[in-house]
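K.L.:
Structure here, sequence nowhere to be found:
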């Protein structure tokens, strides 16, 4: 992979032969405070909703007729615009993206606010959505990651389109990169075409984005939902993430505990052997400003206490009965196999992964380094991170009918 500047634009380029479609990913990040909670959600919805030159319908029809895929993924810590098309359609694809990135008119702001409110209120009828929203709100309390849909909903009526425009300008003047993966014969001509069409990606004078530490919180939140047929339980801990020595260890701990499906300890012990769970899993998620490790179970409401005790027992068992060589080898192979499948198989996966690593300051060789670290994980490493993180008091959210919440 090349890391170069073309026309004063940061470009990551990887030439993959015999691949039919080009993947071009644009990443944006800013460390400026968001003018209003939820600006990122509205921005992501508005960018493809019409420009000074074209309506949303005209944009969609043009993309469809040319077989071009363009998506916008707007999070509270980055914006990603992805383009996937044949090489011969690169020029019109870039012109469409340039138009909505420069000339988006945000005319449907009020409609998008109304739509967001309706969709959020409707989604909260789902017990798992209601519980997960509260979980992320609590575990990331006082941090941008705690801006869940319900929190945004509380103040969205006070948001103005000017707030979204300000956030948008901050992104355009922040940290940016174009990540490309394609089969190209004339690299110079190709990269000049891309960068000449996307001049808004030119470098700014802004320094590298500073990370905002996430503080670990703890507590038990009980949510009453009388019509819930299952109890929903989320439990989690703030951990180290990208760039830390613990990242590889936590990935394998997650695989052993609940991230590998049918063979994971939580699945075997709590679902198969004890019949406590409809669904049970663990997850380890690395984010731009930190990471978290979480457990989840959907269970019969009368089994809430047993499920929480089961979580505790399985965490302690990782320390008392750490994975033997066969289990550990299986976890490592499972993780490396999935990693290769989800991040290195297609041009889109490679371009997305390269851009994500860059915008997070992880280093351009991050994928290779992580896999090498994963392969060296030992029993002692798993015990170490379990003690370090999962023996702390967790953030726990339990949703169930009221009669089952007296524990």
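P.N.:
Okay, I see it. Bear in mind the structure is a predicted one, so any value in this text is a computation, not a measurement.

K.L.:
give me the beta-bridge partners of the residue minimising distance to the centre of the chain?
P.N.:
Computing the C-alpha centroid of the chain and ranking residues by C-alpha atoms, centre = their mean puts residue 287 first, at 6.7 Å. Beta-bridge partners recorded for residue 287 (DSSP bridges): residue 290.

K.L.:
OK, contacts around it?
P.N.:
Residues in contact with residue 287 (C-beta atoms under 8 Å, 6 or more residues apart in numbering) are 77, 145, 241. No exception for glycine: its C-beta is placed from N, CA and C like everyone else's.

K.L.:
mind listing which of the residues you listed are in strands?
P.N.:
Among these, DSSP state E puts none in strands.

K.L.:
quick one: residue 87 from residue 220, how far?
P.N.:
Distance of residue 87 to residue 220, computed by C-beta to C-beta, to the nearest Å: 55 Å.

K.L.:
Okay, buried residues for stretch 169-188 please.
P.N.:
Within stretch 169-188, the residues that count as buried by 16 or more other C-beta atoms under 10 Å are 170-172, 174-182, 184.

K.L.:
quick one: the helices in the stretch 51-200 of the chain?
P.N.:
Taking DSSP state H, counting those that start in this stretch, the helices of the stretch 51-200 of the chain run over residues 56-66, 90-103, 109-123, 127-139, 149-155, 161-172, 187-197.

K.L.:
whoops, the stretch 251-400 of the chain was the one
P.N.:
For the stretch 251-400 of the chain, helices defined by DSSP H, counting those that start in this stretch occupy the ranges 265-266, 304-320, 325-343, 347-359, 366-375, 379-385.

K.L.:
Can you check which of those gets nearest to residue 33?
P.N.:
helix 347-359 (18.3 Å; C-beta to C-beta).

K.L.:
Residues in contact with that closest one: which ones?
P.N.:
Applying C-beta under 8 Å, 6+ apart, the contact partners of helix 347-359 are 1, 3, 10, 12, 14, 16, 19, 21-29, 78, 80, 82, 84, 175, 177-182, 209, 288, 342-344, 362-364, 366-367.

K.L.:
Let me know the angle separating that helix from helix 325-343.
P.N.:
Helix 347-359 and helix 325-343 meet at an angle of 100 degrees, taking axes from the mean of the first three to the mean of the last three C-alpha atoms, to 10 degrees as the criterion.

K.L.:
got the angle between helix 347-359 and helix 366-375?
P.N.:
Using the same axes, to 10 degrees: helix 347-359 against helix 366-375 is 90 degrees.

K.L.:
before we move on, the earlier item: any chance of the helices of the stretch 251-400 of the chain in TSV, with distance to residue 248 too?
P.N.:
Output for the helices of the stretch 251-400 of the chain, formatted as TSV (distance: least, C-beta to C-beta, whole Å):
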stretch	distance to residue 248
helix 265-266	19
helix 304-320	16
helix 325-343	9
helix 347-359	15
helix 366-375	4
helix 379-385	8
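
K.L.:
Of those helices, give the one that comes closest to residue 73.
P.N.:
The nearest among the helices of the stretch 251-400 of the chain, by C-beta to C-beta, is helix 347-359 at 9.4 Å.

K.L.:
how much distance is there from that closest one to the middle of the chain?
P.N.:
In terms of C-alpha atoms, centre = their mean, to the nearest Å, the centre of helix 347-359 is found 13 Å from the chain centre.

K.L.:
could you give the mean pLDDT of it?
P.N.:
Across helix 347-359, the average pLDDT comes to 95.

K.L.:
begin at 17 from here
P.N.:
Happy to do that; since the first residue is 17 now, the last one works out to helix 363-375.

K.L.:
Poorly predicted segments of the stretch 267-416 of the chain, please.
P.N.:
Scanning the stretch 267-416 of the chain for pLDDT under 70 picks out nothing.

K.L.:
wait, which of the buried residues of stretch 185-204 is closest to residue 264?
P.N.:
Closest to residue 264 out of those is residue 195 (23.3 Å), distances taken as C-beta to C-beta.

K.L.:
I'd like the distance between that closest one and residue 26.
P.N.:
Per C-beta to C-beta, residue 195 is found 9 Å from residue 26.

K.L.:
Equivalent analysis for residue 367, please.
P.N.:
The spacing between residue 367 and residue 26, counted by C-beta to C-beta, is 14 Å.

K.L.:
what do you get for residue 76?
P.N.:
Separation of residue 76 from residue 26 (C-beta to C-beta) stands at 30 Å.

K.L.:
so who does residue 209 touch?
P.N.:
Contacts of residue 209 (C-beta under 8 Å, 6+ apart): 106-107, 110.

K.L.:
can you rerun that using 10 Å?
P.N.:
Going by C-beta atoms under 10 Å, 6 or more residues apart in numbering, residue 209 touches 106-107, 110, 202.

K.L.:
hang on, the earlier thing: redo the contacts of residue 303 as a markdown table? Include neighbour count and pLDDT.
P.N.:
Listed next are the contacts of residue 303 as a markdown table, based on neighbours: other C-beta atoms under 10 Å; pLDDT from 0 to 100:
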| residue | neighbour count | pLDDT |
| --- | --- | --- |
| 93 | 19 | 91 |
| 161 | 21 | 94 |
| 257 | 22 | 90 |
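
K.L.:
Switch these over to JSON lines; also include distance to residue 282.
P.N.:
Listed next are the contacts of residue 303 as JSON lines, based on distance: C-beta to C-beta, whole Å:
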{"residue": "93", "distance to residue 282": "29"}
{"residue": "161", "distance to residue 282": "24"}
{"residue": "257", "distance to residue 282": "22"}
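
K.L.:
Return the closest of the residues you listed with respect to residue 348.
P.N.:
For the contacts of residue 303, the nearest to residue 348 is residue 257 (19.7 Å; C-beta to C-beta).

K.L.:
Enumerate every residue touching the closest one.
P.N.:
Residue 257 touches 227, 230, 263, 266, 300-308, 376, 378, counting by C-beta under 10 Å, 6+ apart.
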